[in-house]
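Colleague: Got a sequence here, can you build the structure:
(4 chains)
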Amino acid sequence: MSKGQLIGILVVLIVIVAGVWYATRPKAPATPAPTTPAPTTAAPTTTAPPQTTAPPKKVKVAVMFDIGGRGDLGFNDMAWMGAERAKKDFGVEVTYVQPRSEADYIPRLRELAGSGEYDLIIGVGFLLTDAIHQVAQEYPNQYFAIVDSLTPDPNVRGILFKENEGSALVGILAAYVTENNKVGVVLGMEIPVLYHFEAGFYWGVNYVENKTGKDVQIIYKYTGSFIDRALGKQVSEGMLAQGADVLYNVAGLTGLGVLDAVHDFNVQHGKEFGPPFAIGVDSCQDWMYPGHVIASMMKRVDNGVYYAIRDVVYGNFTGGIAAYGIKEGGVGISGLEELQAFMQIAQEMGTELPDAPENIVAKWQQMRAMYPEEVWNTIEEVKQKIISGEIQVPTTDSPEEIQAIRQRYGVGVLGG
Amino acid sequence: MAEYAIEMRGMVKIYPGGTVALKGVDFAVREGEIHGLLGENGAGKTTLMEILYGTRSPTEGEIFVRGRRVEIRSPRDAMALGIGMVHQHFTLIPVFTALENVVLGDEPVRSAGLLDVQAARARVEELMDQTGLHVPLDEPVENLSTGERQRIEILKMLYRNADILILDEPTAVLTPLETKELFAFLKRMRGEGKTIVFITHKLREVKAITDRVTVLRKGEVVGTVDTAEVSMEELARMMVGREVLFELEKKPREPEEPKLIVEDLWVRGEGGDYAVKGVSFEVRGGEIFGIAGVEGNGQTELVEAITGLRLPDRGRVLLAGEDVTGARPHHLYARGLGHIPEDRHRRGIILEFTVAENSILGLQRLPPFMNKWGVLQESVVRDWARKVVERFEIDTPGIDAPASALSGGNQQKLIVGREIMKDPKVVVAAQPTRGLDVAATEYIRRTLLRMRDEGRAVLLVSADLDEVLMLSDRVGVMYEGELMGVVRPEEVTLEEIGMMMGGVRLEDIKSGGAKAEAESTGG
Amino acid sequence: MRLDLRRYAKPLAESALSVLIGVAVGTLLVILAGYSPVVFFKALFGGAFRSRNAFLDTLSYMVPLTLTAISFAVAARASVFNIGAEGQMYIGALVANAIGVMALPNGAHQVVAILAAFLAGGLWGWIAGILKAKRQVNEVVSTIMLNWLAFYLVNYVATYHLYDPKAPYKTEYVRETARLPELIPRTSLTLDWVLTILIAFLMFFLVWKTSLGYEIRATGINPTAAEYGGVDPSKVISISMFLSGGAGGLAGAFLVLGRFGFITTTLTNILNWGFDGIAVSLVGRNHPIGILFSALFFALLYNGALEVQVATATGGKTGVPIELVLAVMGIIVIAVAVPGLWDMVQERLLLRRKRVEVRGEAAGTVGGE
Amino acid sequence: MQVAELLRFLLYPTFYAGMLRMMVPITLGAVGEIISERSGVVNIGLEGIMMLGALVSTYVGHFTGSMVLAVVSGLVVGLAAGFLHAGIAVNLAGDQIIDGVGLNLFAVGIGEVLLYLTWGSFATSPQLPPEVRVPSIHGFSPFVVLTLLVAAATWVVVEKTRWGLRLKAVGEDPVAAEAAGIDVFKVRTIATVVGSLLTASAGVFLSLDWLGAYTKNISAGRGFIALALVVFSRWNPLTALLGGLIFGFLFQLSQSIPSGVVPDQILWALPYLVTLLISAGFLAKARPPGAVGRPYKRV
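Modeller: You can find the predicted model right below:
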């Protein structure tokens, strides 16, 4: 090997070594430092845990992510947050398992269940449904919970979210905010969960159309990927160019590109605020690009997980369905409280905010103030009606039905 | 000026894998002479010169150029010292034009490294005029004849102002007439003060052109002598280490009915042009039909078309009375064809395969080697391999040794043995002795004669004119895809053959056309 | 042709060396990242052995790894660089799933589903083979494209046609009659493991003991010589790509029939085995027996990585991300590419010995002159 | 009428900007690989090099706040990866393909590990500050211009200069090139390194220009598409540019047609299907460099 090659390889090694060294140097705390105050439980309907009574025993919980794993900015990350919060609040011990393939599910679950050590095993994501069902039958005395799905077993809690209800709220907002009467939905791969988002959003837009007589066109696009941020940005730019001025991100990591696109578009046009606006999803993504993300459809997987652990800690755990809608604080539209809570969580994870928190909040408030009370009142009103059961937001799991819903609301270029 | 243009002392070369090519060779070339480097295949001639040219690195030894100790690590170093080399296998880039090939590595450029094509052309054209070596400059080299390619190689050398010229077996690819021209050219170059090293294994050529000659045998110097002072016989003895049989005895034999008939065959070459243009001949049982000619005149394509490796455009091939035009090789083998291919590493043998595996190449689908389930019968294969090894005296560590462990001669014996053990009616042998040492060559030639005597039809294609004339009962000479004529070796002079190799038809020679032009190059 | 242990010793040593290098660099990364190497090693290599079931589960990972590796290896033996096992696997899984939901008698059902998946995967591979043989389309290009096409094709069929109405994120369950039985209850070790081992030996038999295998190897090493030997290289290339695709198809079939019983519409449960198979095959030197060992090694690594992640998670800090395994795998494969240190050492020794010999000889001749 | 409405996106410059942006990384990678393959060295690790380029430039950009340093460091990674590949594939005459497979695996793994260890995120780095991001000029990324220039310049160098002549000579027939006094190892090493450098610049484009962050799976298969583009282009950098534009167009088209018109899967498959068909169709006679993929060994 010549000197040149040796130097080359040395450079590679040095870069890697330096990288790892740098990475580990700041010792960014991956979890909240003990000094930081416990984050507020954000959702308004969250029942605060009785802090005074100590939990009866040391509870052990295992959380098994799906193969998308941490970093999906969706249910995996949110489940982690919920578990971390429970850890702090109840002193439970949490073991995380990140499988590399779905072939790992059943063996791992069997092992967790077979060890008898865990009071609760939580599977994150509907992809674990069959594995949980299988192992729950084999270990009927072991408690399980599964996020975004359910099984018929009595020892399994199915933690479901009414994404349609939350989506309805942001749909209403989108329909109000749009100036060009054109909104876009950027989706990942076509899976039934996304139909919930679609159906709710279309309903929300339609609600405003009926109320105000506005005629809003909706374009939706399945990008075919949950993990290609550049792709999300590209698709969003196309929608923006066609005049869509509110884009709903329903695409996981790909969806980050939606926020990127909106932000860059505004910056290029010398605008500090939208429209166009992006709508975040799952967690509160408002802080990522203050002034450009008008709201987020919050899906509080963290709460679902947190409640499940809490129920185990206090011996109230039951199987069956736990469906979290607006009423249960499972879904909703982001507000100031959520914004602050999620900024704090991000900071604790070692993530840098784009600006000082107070500046973000100020900018956020300025953005929201751009829209009249009527908008927020309508949203609040629909929210209450959903809670009271007066309004039923449509949803579906079936490809045929979603097709019917799309047609009903005239969604797509060739439609309305 | 030092007495010697080049001096190499104690050259040792050991190849990876342990083959010892040179065992401490001392070699010296005087300024301004044509120095022959004579030796059998595998004697180390080429290795020695490649070390001098920097394409191989010596294991040990010192090199002096004009008395100065030098390190030659690459051809670039050699060129800087004025050393140039024409390799036996031309080192031209096939897709490049002649011009690009000549200037490659020393290109005239304008600013920013842009090629100055005009300047390059001017310089090369001037060089062509000076030397009298003319080639079409804008044609990709792959479309040019071997003679032209050699000229390009020489131009390449002279373009870099080389004054020590090494030529490795330059006549192997030339017609007698071209050889004559080359020799005249070399003598002219000597007159201009160039020093020339001429590698060959042909004694005649040594006598014809060199001033002194160094003989190598098995990596060692046998001696360096003034050419004028030795006879051909003495040189031969030095080269081979024993008396050489110059003649094989060939019993007269009545040929039988034709076993291979080729009728008006037209075959396209790689480039898509016709490489074989309407060739017809027949080969009878008990006869060796030789095809002579400079390489690259369509012999390869002809053989490939006959042996099923290339589809002819037109014409017929009949094997033992059956039309087999366009049949694939395994059909032909089943019908009694044996084929000794011209490039054994490309076609005849798979180096990574064991001797046993190689011994059934082409037979793998035939019973008894394969049973009806498609499974190879290992014991049958091994018995067969042992038989081939024994019958053909193949020197191998065992039948499970990879073919790469065998010497070139033994690899060729393995191929010949395999083909003959098939008991073929027709044997096509292309360049069967190329690159082999004298003993192996003799063995193969005897084997071919034996096949003839057994009543098989043998088609022998060889660029070695002596070999063709020595073995064949009839000889066809090929030129640019056509047969210039078919003659009996005993009824034709070397000159006439030479003219045919150069493109003159037999009937034109017989009519007395250009006879005066041809003259023996061998002196 | 005889099993010669010495011939296997070198590749074995070389593979072992590259594995060592990979693990060493991986360890370095772990240490630099501030984790304990002792904990790391104990978890990485102890993971699979902590219980009988853990070990049996680990073994079950060998199934897709071995089959996709065989898929790569069969083509590689014919000198075709098939990176399409991934797509061939999707197709095989889809077909096995589609047949699995039909009503067929037990016994026959599995056979039909497996054979159909083999055929379908084989045809998918054959496309790349025939494109290479007839149209000189580089197989790297065609298989990359075919992987995407297979992905979207399966995604389409699964999303709109084969989905389970009760749980539309996945396809319908195959019937019980199509499932491959568990070898040992409550482990993932099903009959497909036995079949996979058999298939590995079958590949050995096919490639080293049959005429076809002879022709495949001949074509792979020296296509012109193979042609001379009566082999039609383009035919052999398409056949080997068919077999290669078939092995990929089987990987898909076994994932569906042996393990999951369905595929998710986004294919997440069968993803990536095809790419991992390339690494397995390369470390196993494209030899079925080598592949079995290397698949076992990678299976241990997979299991170990999960264990490492749990074991290194100390005080609130999440453990070493599982992707570290990928990095380690990468380094192992890079090390495989470095032509044997072994050879270099051997050559040095040989050279020295010969040099001494030549010196002795030269001294002798000089003295004689 | 409906079709016109459907294809209205063709009227917007954004469509073409998006197409150009898709073109940039795959063309840069392809041109780099063309340089490398023209010298006879295949490098299948484009995907990995892109990722590493994106990762390291983000890293350095984030911690130094300097765009120049970020870009340079991204390129240095390309350099290093090139030297690694050259060391194995050129100098040690090892297999040219295997280490690329390894590099791809390694890049995915190390990216994830560093992302987590540094920023505690499994998905994405923080957004880079504006001063680190490569500024766009009139809405156009300078990388678009760079790509056009690189493709054109590469064509000129390969076809019109002495280095190009030598590069091609080495790739066609290293033995002949060596005999003509060319240092085969040097030329191959340089070509490999330059090729890798360009590929890494595609990664820099993704992180510093296109997204302004490093995200897991950032190259998302673009390195493999670049690899296909090389064969598609018949080793001609200008054709690679054209191919990049065609692929970019098809890709943009498939993502611009809204859902609900035709099944999305057909749209997603479109660029790949067309590439396959074109490769199988009129490219049948593509002739690779004579010695591509074959290690050169001196004895």
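Colleague: all contacts plus neighbour counts: C-alpha atoms, from now on.
Modeller: Will do.
Colleague: Give me the phi and psi for the closest residue to chain D within the stretch 201-350 of chain A.
Modeller: When distances are taken as CA to the nearest CA, the stretch 201-350 of chain A approaches chain D most closely through residue A:221, which lies 4.7 Å from it. Dihedral angles of residue A:221 (phi, psi; degrees, to the nearest 10) stand at phi -140, psi 120.
Colleague: go on, residue B:218?
Modeller: Given degrees, to the nearest 10, the pair of backbone angles that residue B:218 has is phi 50, psi 50.
Colleague: Please name the residues that touch the closest residue to it other than its chain neighbours.
Modeller: Counting by CA to CA, 6 or more residues apart in numbering or on different chains, residue B:218 lies nearest to residue B:43, which is 4.4 Å off, once chain neighbours are set aside. Residues touching residue B:43, when contacts are defined by CA atoms under 8 Å, 6 or more residues apart in numbering or on different chains, comprise B:21, B:216-220.
Colleague: let's see it at 7 Å
Modeller: Residue B:43 makes contacts with B:216-219, as judged by CA atoms under 7 Å, 6 or more residues apart in numbering or on different chains.
Colleague: And the pLDDT at the residue of the stretch 201-350 of chain A closest to chain D?
Modeller: At residue A:221, the predicted lDDT confidence score is 93.
Colleague: burial count for the closest residue in space to it that isn't next to it in sequence?
Modeller: In space, residue A:221 comes closest to residue D:259 once its chain neighbours are excluded; the distance is 4.7 Å by CA to CA, 6+ apart. When neighbours are defined as other CA atoms under 10 Å in any protein chain shown, residue D:259 has 22 of them.
Colleague: and chain D, which of its residues are near chain A?
Modeller: Taking CA under 7 Å from any CA of the partner chain as the criterion, the neighbours of chain A within chain D are D:2, D:6, D:9, D:12, D:14-15, D:18, D:77, D:80-81, D:83-84, D:87, D:91-92, D:114, D:117-123, D:126, D:211, D:217-218, D:220, D:255-256, D:258-260, D:264.
Colleague: Closest one to chain D out of the contacts of residue B:43, please.
Modeller: Looking across the contacts of residue B:43 and measuring by CA to the nearest CA, the closest to chain D is residue B:219, at 16.6 Å.
Colleague: The closest one and residue B:19 touch, don't they?
Modeller: No: taking contacts as CA atoms under 7 Å, residue B:219 lies outside contact range of residue B:19: 10.5 Å.
Colleague: Between those two, tell me which one has more neighbours.
Modeller: Neighbours per residue, other CA under 10 Å: of residue B:219 and residue B:19, the larger number sits with residue B:219, 22 against 11.
Colleague: separation between that one and chain C?
Modeller: 11 Å (CA to the nearest CA, to the nearest Å).
Colleague: do residue A:178 as well
Modeller: Taking CA to the nearest CA as the measure, residue A:178 and chain C are separated by 32 Å.
Colleague: Surely that residue and residue A:246 touch.
Modeller: Yes: taking CA under 7 Å as the definition, residue A:178 is a contact partner of residue A:246 at 6.1 Å.
Colleague: ok, the two, which is more surrounded?
Modeller: For residue A:178 and residue A:246, the more surrounded residue by other CA under 10 Å is residue A:246, and the numbers stand at 32 against 21.
Colleague: beta partners for that one?
Modeller: In this structure, residue A:246 bridges to residue A:183, residue A:277 when assessed by DSSP bridges.
Colleague: Might you enumerate the residues of chain D proximal to chain C?
Modeller: D:88, D:92, D:94-95, D:98-99, D:102-103, D:105-110, D:112-113, D:228, D:265, D:269, D:272-273, D:276, D:279-280, D:284.
Colleague: can you rerun that using 6 Å?
Modeller: Chain D has residues D:88, D:94-95, D:98-99, D:102-103, D:105-106, D:109-110, D:113, D:228, D:265, D:269, D:272, D:280, D:284 near chain C, with proximity defined as CA under 6 Å from any CA of the partner chain.
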